[in-house]
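Q: got a sequence here, can you model it:
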Amino acid sequence: MPGPEATSIPNLRDVGGYATRDGASVRRGIVFRSTDLSRVTDADARVLSGLGLATVVDLRTEPERQAAPDRLPEGVRTLALDVLADREHGSIAAHMKELLTDAAFAREVLGDGRGAEYLRGSYRDFVLLPSARAAYRTLLQTLLTGDADPVLVHCTTGKDRTGWASAVLLLALGVDEDTVFEDYLLTNERLLPVFAPVLEALTAKGVPRGDLESVLGVRAEYLATALAAAEEAFGSFDRYLSDALGLTDSGRALLRQRLLE
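A: Next comes the predicted model:
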């Protein structure tokens, strides 16, 4: 759901505003999502301050956080939840600078469908890695307490780890799957235009545009991969919520009470 405009935080948006299957609406102004906050301009720092944030949930790896520390409004606390801590090779986002500037590196990493396969593997990891389950479990528990509101959730580009976080929350709240996919794919409209100069420069050096967009944007198949992994591993998405993320029926009812209107 489109929200505040901030050019240095291109995928900043409110997770609220969507209707649920039973006619309620996800509250606005409680949960936001974005790219990392390391390049926030003074003007956008005022936009960020205007959100009244209490907590920023950072889903990045430690190397990502060290390489690009967030610039936060005064008084906002950070909750670092490393989704991919248990992944042997970390996150490709930690090499984003090389990916966007080195054509040879981009061809090596992304060529022959390797970029898309990497992302499909990442989305399975979001469901199956112990560190991912712990991160998303803590995120949901944080939202249950209400002490952290308003919350902004982000990773590096705000599309994969953050995209799964948003999808999990919206599905748990009763938003239908088609709408969740629409929200997920909105990233392409918000983020890919920012990468247009890079895309043009790298395609001019022989890197196929499709290979670049496979990791700079999102695809419905990526989210579908995570949902399929949840169903395969736990029997259903609801069982994933309860068994992997510890969201009980009473917890889910409380979450809906807090975040729906």
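Q: closest to the centroid, which residue in the protein?
A: residue 162 (1.1 Å; Cα atoms, centre = their mean).
Q: hang on, it packs against residue 151?
A: No: between residue 162 and residue 151 there is no contact under Cβ atoms under 8 Å: 11.9 Å. For the C-beta atoms, the positions are set from N, CA and C on the backbone; glycine is no exception.
Q: shaky segments in the protein?
A: For the chain, the stretches flagged by pLDDT under 70 are 1-3, 90-91, 93-94.
Q: residue 54 is in contact with residue 152, correct?
A: No: the pair residue 152 and residue 54 fails to qualify as a contact (Cβ under 8 Å) at a distance of 9.4 Å.
Q: of these two, which one has the most company?
A: Taking other Cβ atoms under 10 Å, residue 152 and residue 54 do not tie; residue 152 has more neighbours (26 against 15).
Q: helix, strand or coil for the more buried one?
A: Classification of residue 152 using DSSP: H, G, I helix; E, B strand; the rest coil returns strand.
Q: returning to that earlier point: what about the residue nearest to the centre of the chain, helix or strand, and which?
A: helix 161-172 (DSSP states H and E).
Q: try residue 144
A: Per DSSP H and E: helix 130-145 holds residue 144.
Q: which residues does that helix contact?
A: Here helix 130-145 makes contact (Cβ atoms under 8 Å, 6 or more residues apart in numbering) with 31, 55, 57, 59, 79, 81-87, 125-127, 148-149, 151, 153, 164-165, 168-169, 172, 244-247, 251, 254-255, 258-259.
Q: okay, buried residues for that helix please.
A: The neighbour-count check on helix 130-145 (16 or more other Cβ atoms under 10 Å) flags 131-137, 139-140, 142-144 as buried.
Q: check those residues and tell me the two furthest apart.
A: 131 and 144 (20.4 Å; Cβ to Cβ).
Q: can I assume residue 57 sits in a helix?
A: No: per three-state DSSP, residue 57 lies outside any helix segment and is strand.
Q: that one reaches residue 83, doesn't it?
A: No: between residue 57 and residue 83 there is no contact, the gap being 10.5 Å when judged by Cβ under 8 Å.
Q: between the two, which has more neighbouring residues?
A: Neighbour tally, residue 57 and residue 83, criterion other Cβ under 10 Å: the higher count belongs to residue 83, 27 against 24.
Q: before we move on, back to that, and the helix holding residue 162, what does it pack against?
A: strand 31-34, helix 114-128, helix 130-145, strand 151-154, helix 177-191, helix 220-234, helix 249-259 (3 or more Cβ pairs under 8 Å, 6 or more residues apart in numbering; DSSP states H and E).
Q: residues of stretch 47-60 that come out buried?
A: Of all the residues in stretch 47-60, those buried under the rule 16+ other Cβ under 10 Å are 47-48, 51, 53, 55-60.
Q: what about it, start to end distance?
A: Stretch 47-60 has an end-to-end distance of 23 Å (Cα to Cα, to the nearest Å).
Q: one more: stretch 41-61?
A: Start-to-end, stretch 41-61 (Cα to Cα) is 23 Å.
Q: from the chain's centroid, how far away is that stretch?
A: The chain centre lies 15 Å from the centre of stretch 41-61; the measure is Cα atoms, centre = their mean, to the nearest Å.
Q: please apply the same query to stretch 244-254.
A: The answer for stretch 244-254 is 21 Å, by Cα atoms, centre = their mean.
Q: and the helix holding residue 144, C-alpha only, in CSV?
A: Written as CSV, here are the backbone C-alpha positions of helix 130-145 (Å, rounded to 0.1, in the frame of the first residue of the first chain):
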residue,chain,number,x,y,z
PRO,A,130,16.4,-21.9,12.2
SER,A,131,17.7,-18.3,12.1
ALA,A,132,14.9,-17.3,9.8
ARG,A,133,12.2,-19.0,11.9
ALA,A,134,13.6,-17.3,15.0
ALA,A,135,13.7,-13.9,13.3
TYR,A,136,10.2,-14.0,12.0
ARG,A,137,8.9,-15.4,15.3
THR,A,138,10.5,-12.5,17.2
LEU,A,139,9.0,-10.1,14.8
LEU,A,140,5.5,-11.4,15.3
GLN,A,141,5.9,-11.5,19.1
THR,A,142,7.2,-7.9,18.9
LEU,A,143,4.0,-6.8,17.0
LEU,A,144,1.9,-8.7,19.5
THR,A,145,3.1,-6.7,22.5
